[in-house]
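1. Give me the fold of what follows.
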Amino acid sequence: RGNWESIRRMYFRATKSRHKKRAGLYVVGYSKGDFFNPGDLYGRMAAFMANNRLEIAGNAYEDYILDSILVSDPEEYLMRVSIEVRKPV
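-> Numbering: from 1, shown residues only. Here you go, the predicted structure:
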């Protein structure tokens, strides 16, 4: 729906969890810089999905590859976004 700032759930890696990231087809994008300002990453990913006729099939996951624990400058943060997709039938 284009509302990329609405967070309904957060996840973290754990050995025992009720929610698991499903295996499947994902569109993956990266953003460098402050996590609170991912720029046009979600817009670019949405355009890629539209151009390749892919539908969102599940959650979007944000993984913080480089964060404040690893680097001091927020402009050096690195985030990976994975959105589960499917090809329409």
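2. all contacts plus neighbour counts: C-alpha atoms, from now on.
-> OK.
3. and the least confident helix or strand in the chain by mean pLDDT, which strands flank it?
-> Sorted by mean pLDDT, DSSP states H and E, the helices and strands of the chain end with strand 55-66, the least confident at a mean of 88. Pairing partners of strand 55-66, with direction, according to DSSP bridges: strand 78-86 (antiparallel).
4. For the partner strand, C-alpha coordinates in PDB please.
-> Written as PDB, here are the backbone C-alpha positions of strand 78-86 (Å, rounded to 0.1, in the frame of the first residue of the first chain):
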ATOM      1  CA  LEU A  78      24.000  -0.900   6.500                       C
ATOM      2  CA  MET A  79      20.500  -2.400   6.300                       C
ATOM      3  CA  ARG A  80      19.200  -5.300   4.300                       C
ATOM      4  CA  VAL A  81      15.500  -5.400   3.400                       C
ATOM      5  CA  SER A  82      13.900  -8.700   2.300                       C
ATOM      6  CA  ILE A  83      10.300  -8.800   1.100                       C
ATOM      7  CA  GLU A  84       8.600 -12.100   0.400                       C
ATOM      8  CA  VAL A  85       7.100 -12.200  -3.100                       C
ATOM      9  CA  ARG A  86       5.300 -14.500  -5.500                       C
END
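5. Other residues contacting it?
-> Where contact means Cα atoms under 8 Å, 6 or more residues apart in numbering, the residues beyond strand 78-86 that reach it are 24-33, 35, 54-67.
6. Could you identify the buried members of these?
-> Applying a neighbour-count criterion of 16 or more other Cα atoms under 10 Å, the buried members of those are 26-27, 30-33, 35, 54, 56, 60-63, 66-67.
7. how close does the nearest residue to residue 67 once chain neighbours are set aside sit to residue 65?
-> On the basis of Cα to Cα, 6 or more residues apart in numbering, the spatially nearest residue to residue 67 that is not a chain neighbour turns out to be residue 77, at 5.1 Å. Distance of residue 77 to residue 65, computed by Cα to Cα, to the nearest Å: 7 Å.
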